[in-house]
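Asker: Next comes the sequence, and after it the predicted model I'd like to discuss.
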Amino acid sequence: MIKTLYVRVILTFLGIIIFSLICSFFIGLYVFQKQISYEGQNEMIVVGKEIIHRYDDAKPKDTDEFLNSMVKVSAHPIHLYNHAGEHTFYGLKKGSPAVTVPPEAVKQVLQGKLYRSSAEDKDIFIGMPFMLNGEWRAMFLQYSAENENIVNRMVLFVLLLVLLLGSVCILIAARYLVEPIKALTNATKRLAKGDFEVELKVNRIDEIGELTQSYVEMAGELKQLEQMRQDFVSNVSHEIQTPLTSISGFAKALQNHDLIVEEERSEYLDIIIAESERLSRLSDNLLKLASLDSEHHPFNASPFNLDEQIRTIVVTCEPQWSAKGIVIDLELPEAVKIKGDEDQLKQVWMNLLSNSIKFTPVGGNIRISIDSSAAEVSVTVSDNGIGMSPEEFNAVFQRFYKIDKSRNGNNNGNGLGLAIVKKIVSLHQGRIEVDSAIGEGTTIIVRLPVSPPAPSRKSLKPFEDASAPMDIVRE
């Protein structure tokens, strides 16, 4: 059983060459058979006339010796017929095959006419009248089998030579074709084992070169996705393990009634409740992100008043910003209509406002404004909080990314809020712009189409939000 592509390619090419040569030989023989026969007859007519001419000039006494010498010179066997039908054959050697001359041909030549063999005759020959010793004879010259064998051997040699040279070229060409495929196969095996450090030389511009280039790009994307997956698992494990450790530690401490006073017991219970709520928020956010990544998450676009929704969010978050004495400035025009998923966009404004409250100091200020046009609505959320460096503009939208704790001091978040924001805005065919400076606050602008098309979920890869670049503006 043939398994390797290299052997299959070689055998296929060899089969094609052999089949083509055989077919070409028989087709050429069929096409040129008449021409070969006609040219051979012309040659024999010239030879016959030369024999008659030499006989008339020499007038040899021994006719048989003369005709035998002519046969050796011309390499064409001679048949002589007289009026009585007697036949004399002069061949190249004893036992050489002789043609069968039909009686009609003999009769025609004895009448002084030239005769050419036709397609009905099995052999190629010509006949012409020959005056021998004062009597007309019918002389027939047959096509030499010796000459035909030489031609056949030459044709066979050429065919074999073509086959040999073609086979060598096929071996080289097949190796040239198969080697890149073998390299791709080995690279695929390495990739299947988790080795993403695949390097393939792309020095071809044909289809195999394009395939190799696509493979290299795919390997790079898989490597990136694998790294994101590992980071995601690591971050999730860390975010889950930290509150679980606290809950387990304080729960074990509460079991020892002798070491814990009543005041500490209440404090420990508060910590357990807070860590449990943190786990619950993490679980909710992970489920929300997983749902947004899937193709089955509902997207119910309907028109609603964006300004009313933002006012409702501000009221809902009042306990948070009023506890820090933060002033909220709203610049919201009346009746700003937009079409989108109302529940998803509510999550966007809730996360953005909560983030600003978290990183704005006591007595700070947060401004929320809306600018609208015929095709687009822009929502701007600005604060005078701790701000961030330009290197963090993209990072803050990665999953589980957190602002430096030394500048924050707040570790209640899980780093998923802005990732959810980015995902929802992407589903609405919108974009996010960021401007910030350390110690000067942060401005986030969300630009949404007034009437977004249906989201194209297949174009959004899992973890895409973690590395997709943001539009960055500097005011």
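Answerer: Structure received. Numbers count the residues shown, from 1 in each chain.

Asker: Helices along the protein, start to end?
Answerer: Ranges of helices in the chain, per DSSP state H, are 5-58, 63-74, 103-110, 145-192, 207-255, 262-293, 306-316, 318-323, 342-359, 392-395, 405-408, 417-427, 464-467.

Asker: looking at those, which is buried most?
Answerer: Neighbour counts (mean count of other C-beta atoms under 10 Å) averaged over each of the helices of the chain peak at helix 417-427, with a mean of 23. C-beta: built from backbone N, CA, C; applies to glycine.

Asker: which secondary structure elements does that helix contact?
Answerer: helix 262-293, helix 342-359, strand 431-437, strand 441-449, helix 464-467 (3 or more C-beta pairs under 8 Å, 6 or more residues apart in numbering; DSSP states H and E).

Asker: ok, back up a step: mind checking the helices of the chain for the one nearest to residue 117?
Answerer: helix 5-58 (7.1 Å; C-beta to C-beta).

Asker: Just put the helices and strands packed on helix 417-427 in CSV and tack on mean pLDDT and distance to residue 19.
Answerer: As requested, the helices and strands packed on helix 417-427 are arranged in CSV below (pLDDT from 0 to 100; distance: least, C-beta to C-beta, whole Å):
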stretch, mean pLDDT, distance to residue 19
helix 262-293, 75, 56
helix 342-359, 87, 66
strand 431-437, 88, 62
strand 441-449, 91, 63
helix 464-467, 41, 53
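
Asker: Tell me which of these lies nearest to residue 124.
Answerer: With C-beta to C-beta as the criterion, residue 124 lies closest to helix 464-467 of the helices and strands packed on helix 417-427, at 81.1 Å.

Asker: residues contacting the residue lying closest to residue 268 once chain neighbours are set aside?
Answerer: In space, and not counting its chain neighbours, residue 268 is closest to residue 250: 4.3 Å by C-beta to C-beta, 6 or more residues apart in numbering. Residue 250 makes contact with 268, 269, 271, 272 under the criterion C-beta atoms under 8 Å, 6 or more residues apart in numbering.

Asker: Tabulate the helices of the chain (TSV), appending distance to residue 367.
Answerer: TSV is the format used below for these (distance: least, C-beta to C-beta, whole Å):
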stretch	distance to residue 367
helix 5-58	67
helix 63-74	116
helix 103-110	119
helix 145-192	51
helix 207-255	31
helix 262-293	26
helix 306-316	11
helix 318-323	12
helix 342-359	9
helix 392-395	20
helix 405-408	21
helix 417-427	18
helix 464-467	26
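
Asker: And those, which one averages the lowest pLDDT?
Answerer: Of all those, the minimum mean pLDDT falls on helix 464-467 (a mean of 41).

Asker: Between the contacts of residue 250, which sits nearest residue 70?
Answerer: Looking across the contacts of residue 250 and measuring by C-beta to C-beta, the closest to residue 70 is residue 272, at 126.2 Å.

Asker: Isn't that closest one up against residue 251?
Answerer: Yes: between residue 272 and residue 251 there is a contact under C-beta atoms under 8 Å: 6.4 Å.

Asker: Residue 181: which of the helices and strands packed on helix 417-427 is closest?
Answerer: Of these, nearest to residue 181 by C-beta to C-beta is helix 464-467, at 31.8 Å.

Asker: Where do the domain boundaries of the chain fall?
Answerer: 5-149, 207-289, 299-472 (automatic domain parsing).

Asker: List the contacts of residue 138.
Answerer: Residue 138 touches 79, 80, 81, 82, 105, 106, 109, 110, 127, 129, 130, counting by C-beta under 8 Å, 6+ apart.

Asker: let's go with 10 Å and repeat that
Answerer: The neighbours of residue 138, taking C-beta atoms under 10 Å, 6 or more residues apart in numbering as the test, are 79-83, 85, 87, 101, 105-113, 115, 127-130.

Asker: Derive a PyMOL selection command for the buried subset of these.
Answerer: Of the contacts of residue 138, the buried ones can be selected in PyMOL as follows, counting by 16 or more other C-beta atoms under 10 Å:
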select buried, resi 79+80+81+101+105+106+108+109+110+115+127+128+129+130
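
Asker: Just the ones of the contacts of residue 138 in strands?
Answerer: 79, 80, 81, 87, 115, 127, 128, 129, 130 (DSSP state E).

Asker: So which of these is the closest to residue 354?
Answerer: Closest to residue 354, out of all of the ones in strands among the contacts of residue 138 and judged by C-beta to C-beta, is residue 115, at 114.2 Å.

Asker: Model confidence score at the closest one, please.
Answerer: pLDDT, read off for residue 115, is 92.

Asker: Roughly how far does it sit from residue 212?
Answerer: 70 Å (C-beta to C-beta, to the nearest Å).

Asker: how near is residue 370 to residue 384?
Answerer: 20 Å.

Asker: what does residue 52 give?
Answerer: Residue 52 is 126 Å from residue 384, by C-beta to C-beta.

Asker: for residue 136, same thing?
Answerer: 133 Å.

Asker: Give me the more crowded residue out of these two.
Answerer: residue 384 (19 against 15; other C-beta atoms under 10 Å).

Asker: So what does the residue lying farthest from the centre of the chain have for phi and psi?
Answerer: The centre of the chain is farthest from one residue, residue 134, which by C-alpha atoms, centre = their mean lies 87.9 Å away. Dihedral pair for residue 134: phi 80, psi 10, per degrees, to the nearest 10.

Asker: what's the answer for residue 360, then?
Answerer: phi -100, psi 130.

Asker: Could you do the one 4 residues further on as well?
Answerer: As for residue 364, its main-chain torsions (degrees, to the nearest 10) stand at phi -80, psi -170.

Asker: cool, and residue 85?
Answerer: Here residue 85 shows phi and psi, under degrees, to the nearest 10, equal to phi 90, psi 10.

Asker: and the end-to-end length of stretch 47-66?
Answerer: Start and end residues of stretch 47-66 are separated by 14 Å (C-alpha to C-alpha, to the nearest Å).

Asker: ok, residues contacting that stretch?
Answerer: 67-71, 73-76, 78, 80, 88, 90, 114, 126-133, 137, 139-141, 144.

Asker: check contacts around residue 167.
Answerer: 10, 13, 14, 17, 18.

Asker: on that earlier part again, the helices and strands packed on helix 417-427 into JSON lines, with extra columns for distance to residue 169?
Answerer: Below are these laid out as JSON lines (distance: least, C-beta to C-beta, whole Å):
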{"stretch": "helix 262-293", "distance to residue 169": "53"}
{"stretch": "helix 342-359", "distance to residue 169": "64"}
{"stretch": "strand 431-437", "distance to residue 169": "57"}
{"stretch": "strand 441-449", "distance to residue 169": "60"}
{"stretch": "helix 464-467", "distance to residue 169": "49"}
